[in-house]
Structures are given as C-alpha cells and as structure tokens.
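Novice: quick one, fold the following:
(one chain, ligands or ions: 1)
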Amino acid sequence: MYDEELTTLMIPGPVPIHPRVYRAMSRVIYGHRTKEYQTTYKETVGLLQRLLQTEQDVLLFAGSGTAAMEAAIANAIEPGEKVLNVINGKFSERWQEITTAFGAKSELQEVTYGQAASPEAVREALASDASIRAVTICHNETSTGVLNPAKEIGQIVRDYDRLLIVDGITSVGGDYVYPDKWNFDILVTGSQKCLGVPPGLGVIWVGSRAWKKIDTRKQPNPTYYLDLVKAKKRYDSFGDSPFTSAVTLMYGLHESLTLMFEEGYEQRIERHRRLGRITRAGYLGMGLDLLADPAFYSNTVTAVRYPGGITDKEFRNQVRNLGILIAGGQGPVKGKIWRTNHMNICTERDVLATIAIIEVVLKRLGYDVPIGSGVLAAQEQMLKESY
Ligand SMILES: Cc1ncc(COP(=O)(O)O)c(C=O)c1O
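Specialist: Below you'll find the predicted structure:
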C-alpha cells in the first residue's frame with residue numbers, strides 16, 4: 001500500500017520534520033514588520049550564527065538553496081571575471097551554470113563522480129592563473145555522497161588571496177562547517193536538509209572579504225530581490241528582510257535550531273556520523289559498492305551502486321510501495337546509483353528499516369544476497385557505537 005502521508009522520506013531533502021517544528025509553524029502569522037516578529041527574526045539569525053560559530057552576516061531569502069547560490073555569484077562576481085568551478089557532482093556543477101548565467105568566465109576543474117575535490121589541484125590552478133578571482137566548491141556533494149575537503153581548500157584559496165564560495169546545503173547542521181575558521185568568503189545553505197525545516201528558505205553567510213568585493217563592484221549589481229547590500233542594510237537597521245519574510249518558515253527554523261542546541265551541537269554531528277557509519281555498514285554488509293571514495297564519505301547522504309541486473313525505476317518503486325522514498329542518481333550516474341539520507345531527525349530506526357526493505361527488494365529483483373546480511377552488519381555496527 002502506498003500512502004504519501006505515511007511514507008518515510010529517506011531522500012536527501014526535503015527531510016522529515018520534527019513535530020515541534022510543525023507546531024511552531026502553525027502559529028498565526030504576525031505582521032512581518034512588527035517588533036515581535038523582528039525579535040523572532042533576529043533570534044533566528046543569532047541561532048544560525050551560533051551554529052556557524054560566527055559573528056559575521058547571515059542573511060535569509062524566501063527561496064530555495066539555489067536562490068542563495070545565485071545571490072552569491074550575482075553579487076560577488078562581475079561579468080567577465082574568471083571563476084574556478086571545481087566540479088565533482090551535479091550540485092558543484094550548478095555553480096558553473098550560475099557563473100556563466102551572470103556573464104562570468106568559468107574555468108572548470110572536473111573530478112570523477114565519487115572522488116573528492118583535490119586541494120593540490122586547486123593550488124596548481126590558482127598558482128598558474130592569476131586572473132581567477134574566485135573558487136566555487138560544494139562542501140557535501142549530495143549527488144555522490146562525497147564530503148569535500150573544504151577546510152584544506154579554504155586555506156589554499158586564502159593563501160592565494162581569492163574568494164572561496166561554498167555550497168553547504170547538505171552539510172550545515174549535519175556536519176562541522178566553520179566559515180570563519182576555514183577561510184570561506186561566502187557560504188550558502190537551504191532549509192530543507194540538515195536544518196530540518198520545509199523547503200523555501202535560502203541562507204547566505206557573507207564574510208568581510210566578500211563584502212569588500214561586493215562593495216567595490218565596478219559594474220552595476222544585476223540583482224534586485226537577491227541584492228545582498230539591500231538585505232544587509234535592512235537587517236542592520238530593522239532586524240528583518242527587505243521584502244515580505246517567509247514568516248511561517250522562520251518560525252519553523254527558529255524551533256528547529258532551538259531543538260538542535262537542546263540535543264547539543266557535538267551530539268547532533270556525532271549522531272549524523274554514526275548514522276552514516278551504520279548506513280554504510282548495512283550496504284557493505286549486503287555486498288554492495290558505495291560510489292564515494294571511502295576517505296571522503298559524506299555523513300549526511302550515502303550513494304550506492306546498483307548491482308548488475310537491477311533497474312533503478314523498478315527498484316525505487318518497490319521500495320516506495322513498502323513505505324520508504326529514496327532518491328536515484330543524477331547526471332552521469334543516473335540509473336547507476338541510489339541515495340539515502342541520514343539527516344536532521346533521522347534515527348537508527350529509520351536506517352535499519354531502510355536497509356531491511358532494500359534488502360528484500362533487491363532479493364526479489366534477483367540480487368543474490370543472504371537475507372538479513374545488511375541488517376546484521378548495520379546492527380553489528382550499532383554494537384560498536386557508544387550511546
Ligand atoms: C548540495 C546541494 N546544493 C544545492 C542544492 C539545490 O538546493 P535547492 O533545491 O534548495 O535549490 C541541493 C539540493 O538537493 C544540494 O543538495
């Protein structure tokens with residue numbers, strides 16, 4: 001029986017939402033220019049700053065994560081400037097598309113899907129081309145389940161005095177992300193992943209070097225809605241946003257961030273890491289191959305290669321009919337992998353149920369695996385974990 005409302009979302013966003021967040025979102029709408037709402041808004045920004053361990057600006061837009069990506073490039077990069085787009089998946093590729101959409105030149109550094117971006121290759125590119133003004137990376141490549149070495153790349157980009165623009169859409173709130181300490185200049189994220197809120201909010205952290213670049217643009221800023229200068233001015237003066245805020249989602253984000261700190265920041269990250277280890281143990285226990293390089297496993301999403309003879313559509317449909325929604329692959333790995341998340345309020349219960357159901361479906365479709373081997377391996381991993 002397929003029932004949308006009873007289906008567990010194991011796709012890498014949108015993710016299941018805590019009931020307290022739903023309740024917070026059921027509050028009546030306050031006027032978006034009232035002192036009361038501005039207090040909620042400022043508290044929410046404060047909680048995001050606490051999460052990112054920063055005192056620098058965090059701005060929010062009603063829009064998905066891609067709106068924040070677009071704001072980053074459109075404001076900080078001018079037409080004709082060169083940007084090094086490091087691509088190892090579908091989402092890092094989006095930076096290239098936005099770069100060229102705003103008339104900047106894209107220098108590509110392509111890495112095979114499943115491999116991580118290479119700090120050394122970034123160093124070489126910057127050393128050999130002084131005209132590169134900025135570098136883009138995706139911290140946690142959701143399309144491949146790879147966690148890129150953002151901190152190491154940050155150090156190199158800073159050494160060469162260029163800007164580093166980072167997509168943290170599936171790492172912020174689920175893994176360590178320190179934009180100041182790691183020498184980022186812009187970091188973006190979205191509400192529907194590890195922040196645990198429905199889709200619809202784009203979040204952007206802007207560091208002082210990025211502001212300097214934005215404030216000294218030679219060409220007019222092509223944005224209107226996504227104008228970061230306007231957003232900062234409004235926030236600094238009034239503690240809200242220039243245009244009507246997504247009031248309901250802000251209530252949700254405030255509650256979700258409150259929950260995060262109730263769980264404890266370190267505890268939350270460790271839970272994501274633990275669930276990543278249990279998920280991987282389960283898949284490997286079934287004799288499956290993971291797409292990501294083991295040295296760079298993501299802690300929030302796992303990508304698994306299909307064994308021979310299993311078709312993506314049939315497999316995911318059967319898993320869905322048993323109550324669990326999972327994601328397929330994108331770009332060159334479309335039809336070759338599936339992906340499951342371990343984000344936000346995900347627990348061992350969700351992971352074990354997912355592994356158990358996947359095992360049954362694979363068996364039904366002809367994959368030769370001793371039934372229970374994945375669940376057993378996941379349980380054995382649980383026994384190794386400290387709770
Ligand atoms: C790493 C990453 N970047 C960008 C996006 C796009 O975000 P949105 O769909 O919120 O625009 C996603 C969505 O899955 C993502 O995982």
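Novice: next, the buried residues of stretch 322-338.
Specialist: 322, 324, 326, 327, 328, 329, 330, 333, 337, 338 (16 or more other Cβ atoms under 10 Å). All C-beta spots, glycine's among them, are computed from the backbone N, C-alpha and C.
Novice: that stretch: end-to-end distance?
Specialist: Taking Cα to Cα, to the nearest Å, stretch 322-338 runs 16 Å from one end to the other.
Novice: same question for stretch 123-142.
Specialist: End residues of stretch 123-142 are separated by 24 Å (Cα to Cα).
Novice: and whatever residue of the stretch 101-250 of the chain ends up closest to the ligand, how close does it get to residue 255?
Specialist: Residue nearest to the ligand within the stretch 101-250 of the chain: residue 142 (3.2 Å; Cβ to the nearest ligand atom). Distance of residue 142 to residue 255, given as Cβ to Cβ, to the nearest Å: 24 Å.
Novice: okay, now stretch 174-191: how far is its last residue from its first?
Specialist: 12 Å.
Novice: quick one: it near the ligand?
Specialist: Yes: applying Cβ under 6 Å from any ligand atom, one finds stretch 174-191 in contact with the ligand at residue 190.
Novice: which bits of the stretch 51-200 of the chain sit near the ligand?
Specialist: By the rule Cβ under 6 Å from any ligand atom, the part of the stretch 51-200 of the chain lying against the ligand is 64, 65, 66, 91, 138, 142, 167, 169, 170, 190.
Novice: number of nearby residues for the residue nearest to the last one when sequence neighbours are not counted?
Specialist: In space, not counting the residues next to it along the chain, residue 190 is nearest to residue 65; the distance is 2.8 Å by Cβ to Cβ, 6 or more residues apart in numbering. By the other Cβ atoms under 10 Å criterion, the neighbourhood of residue 65 contains 27 residues.
Novice: for residue 65, what are its contacts?
Specialist: By Cβ atoms under 8 Å, 6 or more residues apart in numbering, the residues touching residue 65 are 167, 169, 188, 189, 190, 192, 193, 202.
Novice: looking at residue 142 and residue 255, which is more packed in?
Specialist: Using other Cβ under 10 Å as the criterion, residue 142 and residue 255 rank with residue 142 on top: 28 against 23.
Novice: so the more buried one sits against residue 93, correct?
Specialist: No: applying Cβ atoms under 8 Å as the test, residue 142 and residue 93 come out as separate, 11.8 Å apart.
Novice: quick one: buried ones out of the residues of the stretch 51-200 of the chain next to the ligand?
Specialist: For these, a neighbour count by 16+ other Cβ under 10 Å gives the buried set as 64, 65, 66, 91, 138, 142, 167, 169, 170, 190.
Novice: will you turn these into TSV that also has pLDDT and secondary structure?
Specialist: Putting these into TSV (pLDDT from 0 to 100; DSSP: H, G, I helix; E, B strand; the rest coil) gives the following:
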residue	pLDDT	secondary structure
64	97	coil
65	98	helix
66	98	helix
91	98	helix
138	98	strand
142	98	coil
167	99	strand
169	98	coil
170	98	coil
190	98	strand
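Novice: now, which of the residues you listed sits nearest residue 206?
Specialist: Nearest to residue 206 among these is residue 167, at 14.4 Å by Cβ to Cβ.
Novice: was I right about the closest one contacting residue 137?
Specialist: Yes: in terms of Cβ under 8 Å, residue 167 counts as a neighbour of residue 137; the distance is 7.1 Å.
Novice: which neighbours do those two have in common?
Specialist: 92, 95.
Novice: can you map out the strands along this protein?
Specialist: With DSSP state E as the criterion, the chain has strands at 8-9, 57-62, 82-87, 105-110, 132-138, 140-141, 146-147, 163-167, 186-190, 201-206, 301-305, 324-325, 327-328, 337-341.
Novice: just those: most buried one?
Specialist: Mean neighbours per residue, mean count of other Cβ atoms under 10 Å, is largest over the strands of the chain for strand 140-141, with a mean of 31.
Novice: in its sheet, what does that strand sit against?
Specialist: If you go by DSSP bridges, strand 140-141 pairs up with strand 146-147 (antiparallel).
Novice: can you tell me, leaving aside adjacent residues, what's nearest to residue 246?
Specialist: In space, residue 246 is closest to residue 62, 4.0 Å off (Cβ to Cβ, 6+ apart).
Novice: just residue 2 next, same as before
Specialist: residue 321 (5.2 Å).
Novice: which residues touch residue 229?
Specialist: By Cβ under 8 Å, 6+ apart, residue 229 lies in contact with 75, 214, 215, 221.
Novice: mind giving me the ChimeraX command for buried ones among those?
Specialist: Buried members of the contacts of residue 229, defined by 16+ other Cβ under 10 Å, are picked up in ChimeraX with:
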select :75,214,221
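Novice: so where do the helices sit in the stretch 151-300 of the chain?
Specialist: With helices called from DSSP state H, counting those that start in this stretch, the stretch 151-300 of the chain shows them at 208-215, 228-238, 247-263, 265-285.
Novice: now the ones you listed in a markdown table, with mean pLDDT and distance to the ligand?
Specialist: Converted to a markdown table, the helices of the stretch 151-300 of the chain look like this (pLDDT from 0 to 100; distance: least, Cβ to the nearest ligand atom, whole Å):
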| stretch | mean pLDDT | distance to the ligand |
| --- | --- | --- |
| helix 208-215 | 98 | 19 |
| helix 228-238 | 98 | 17 |
| helix 247-263 | 98 | 12 |
| helix 265-285 | 98 | 15 |
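Novice: of all those, which one is nearest residue 111?
Specialist: With Cβ to Cβ as the criterion, residue 111 lies closest to helix 265-285 of the helices of the stretch 151-300 of the chain, at 21.0 Å.
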